[in-house]
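J.: Quick one: sequence plus predicted model below, questions after.
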Amino acid sequence: MDLARYAVEAVVLEGRSYREVAGSLGRSKSWVGKVVTRYREGGWEAIEPRSKAPKRIRHRTPETLEDQIVWIRKELSDLGVDSGAETIRYHLARSHPEVPSVTTIWRILRRRGFVTPQPHKRPRSSWKWFEADLPNECWQSDVTHWRLGDGKEVEIVNFIDDHSGLVVASKVLPKATAPSVLRVFKQAAAIWGSPAALLTDNGCVYTTWHRGGPNVMQTELLSLGIDYRHSRPYHPQTCGKVERFHQTLKAFLAKQDAASSIEELQSQIDRFVSYYNLFRPHRALHRRTPIEAFYSRDRARPSGPKISVGPGVRVRKDRIDKDGKVTLRHGTGLHHVGVGRAHKGKRVTLLVKGLDVQVISKD
């Protein structure tokens, strides 16, 4: 039996005084009087425990604003783009002078059933983020796959600016080859300017260093003085930004009607890239859009030596060791080529044709 019911029965049924009942329960006389009064006015239901929550929350977000937050969430989700609390706040701020905090928006979405907390996720504070200091200092590129409505597989090549996240090119190809990928690169460079460096994985459309000689992409980059970098095998995290863009793009395409042709798929991608570059705010860019970040600083330019590579020439990137040597394999053995201790630690490009070796430093 709870104390309120006991106090009522002791006073009303047993006829005991307020003071006596209060003393036996360790409560005040006024508390006993209040409980008895509530019983006499409303019966036993009136003395049931009542919620202590305030009837009106002074700073609670208005219902109409909550509805608009939910509407933006649904619209972004249906479009297939990021619909997190920070993105919703960004879009809301464009039409409202005062908007709730990101935490408040997240709580509204959780209360409305749009968010399920996932405490098992790795905390963002443990992530390491690397980015170039200037626009066009480095581009990342990769090729991903997609299927048309009839099941035919096509490939999409993407180029992204490492500093700003700007998508400088996203092109659908029936089959990605080194010449076709090079054409996409040249078209992007004509619009946005040539990058100082290009970072890719070890796909054959980008590099054939493991086959003994450069392909057309490597040859073109060398002739333009663009530094070519590739990730180590089986480590996609090195090209994490373009890999993440693949996921974002595919999430959008999955929400669209299946394209019946390459032209229709390209039209869908162009529409998404326009939104991604011009309107979508990015957490890593302090909620700026990629186009804002791209034009906020001066752009980098190619600064490496412009190297012309003839047929049959093998290209290698290396670093001169502490003894002033570089090591090359010829035939079945390793050979140490002396360059000089004065150059130790320098990164160099090696052009190898038979027994002729040309060592080129950055300057």
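T.: Looks like it arrived, so ask away.
J.: Please make it C-alpha for all contacts and neighbour counts, starting now.
T.: Noted.
J.: got a list of what Val313 touches?
T.: If you count contacts by C-alpha atoms under 8 Å, 6 or more residues apart in numbering, Val313 has them with Gly213, Pro214, Leu351, Val352, Lys353.
J.: for the chain, where's the lowest mean pLDDT among helices and strands?
T.: strand 314-319 (a mean of 79; mean pLDDT, DSSP states H and E).
J.: May I have the strands that pair with it, each with its orientation?
T.: Sheet pairing for strand 314-319, assigned by DSSP bridges, gives strand 347-353 (antiparallel).
J.: Of the contacts of Val313 - the most surrounded one?
T.: Most neighbours among the contacts of Val313, by other C-alpha atoms under 10 Å: Pro214, with 24 neighbours.
J.: What about the closest residue to that one other than its chain neighbours, how many residues nearby?
T.: Nearest residue to Pro214, sequence neighbours excluded (C-alpha to C-alpha, 6 or more residues apart in numbering): Thr208, at 5.5 Å. Taking other C-alpha under 10 Å as the criterion, the count of residues near Thr208 is 19.
J.: And for Arg280?
T.: Arg280 - counted by other C-alpha under 10 Å - has 21 other residues nearby.
J.: per-residue pLDDT, it?
T.: For Arg280, the pLDDT comes out at 85.
J.: now swap in Ser296 and tell me
T.: pLDDT, read off for Ser296, is 88.
J.: Same check on the one 3 residues further on?
T.: At Arg299, the pLDDT value in this model is 89.
J.: again, but for His145
T.: 94.
J.: wait, it sits on Ile156?
T.: Yes: contact criterion C-alpha atoms under 8 Å: His145 and Ile156 qualify, at 6.1 Å.
J.: Compute the distance between the residue nearest to Pro214 and Ser95, please.
T.: According to C-alpha to C-alpha, to the nearest Å, Thr208 stands 52 Å off from Ser95.
J.: Determine the three-state secondary structure at Ala342.
T.: helix (DSSP: H, G, I helix; E, B strand; the rest coil).
J.: thinking it is in contact with Lys322, fair?
T.: No: counting by C-alpha under 8 Å, Ala342 stays clear of Lys322, with 9.4 Å between them.
J.: what about the strands in the stretch 101-250 of the chain?
T.: Remark: strands assigned in the stretch 101-250 of the chain by DSSP state E, counting those that start in this stretch are 139-147, 153-161, 167-173, 197-200, 227-230.
J.: Convert the third one to PDB, retaining C-alpha atoms only.
T.: Okay, so that is strand 167-173. Written as PDB, here are the backbone C-alpha positions of strand 167-173 (Å, rounded to 0.1, in the frame of the first residue of the first chain):
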ATOM      1  CA  VAL A 167      33.400  16.400 -58.200                       C
ATOM      2  CA  VAL A 168      35.400  17.600 -61.200                       C
ATOM      3  CA  ALA A 169      34.200  14.700 -63.400                       C
ATOM      4  CA  SER A 170      31.700  11.800 -63.200                       C
ATOM      5  CA  LYS A 171      31.300  10.000 -66.500                       C
ATOM      6  CA  VAL A 172      29.500   6.900 -67.600                       C
ATOM      7  CA  LEU A 173      31.500   4.600 -69.900                       C
END
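J.: Span of stretch 25-33 from start to end?
T.: 13 Å.
J.: low pLDDT regions in the stretch 51-200 of the chain?
T.: 55-58, 117-129 (pLDDT under 70).
J.: now the helices: where do they sit in it?
T.: For the stretch 51-200 of the chain, the helices defined by DSSP state H, counting those that start in this stretch cover 63-79, 85-93, 102-111, 178-192.
J.: most neighbours per residue, which of the ones you listed?
T.: Comparing those by mean neighbour count (mean count of other C-alpha atoms under 10 Å), helix 85-93 ranks first with a mean of 19.
J.: I'd like to check the angle between it and helix 102-111, please.
T.: Orientation of helix 85-93 against helix 102-111 (axes from the mean of the first three to the mean of the last three C-alpha atoms, to 10 degrees) gives an angle of 110 degrees.
J.: Identify the residue nearest Arg319 in space, chain neighbours excluded?
T.: Using C-alpha to C-alpha, 6+ apart, the closest residue to Arg319 is Arg347 (4.3 Å).
J.: Please apply the same query to Val12.
T.: The shortest distance from Val12 to any non-neighbouring residue, by C-alpha to C-alpha, 6+ apart, is to Val36 (7.9 Å).
J.: Can you say which helix or strand has the one you found in it?
T.: helix 29-42 (DSSP states H and E).
J.: buried stuff in that helix?
T.: By neighbour count on 16 or more other C-alpha atoms under 10 Å, the buried set for helix 29-42 is Val32, Gly33, Val35, Val36, Arg38, Tyr39.
J.: Then stretch 277-290?
T.: Applying 16+ other C-alpha under 10 Å to stretch 277-290 flags Asn277, Phe279, Arg280, Pro281, His282, Arg288, Thr289, Pro290 as buried.
J.: Distance of the closest residue in space to Thr103 that isn't next to it in sequence relative to Phe114?
T.: Closest residue in space to Thr103, ignoring its immediate chain neighbours: Ala85 at 7.6 Å, by C-alpha to C-alpha, 6+ apart. From Ala85 across to Phe114, the span is 11 Å (C-alpha to C-alpha).
J.: do Asp133 as well
T.: From Asp133 to Phe114 the distance is 37 Å (C-alpha to C-alpha).
J.: so where's the stretch 201-350 of the chain shaky on pLDDT?
T.: Under the criterion pLDDT under 70, the flagged ranges of the stretch 201-350 of the chain are 209-213, 232-236, 284-285.
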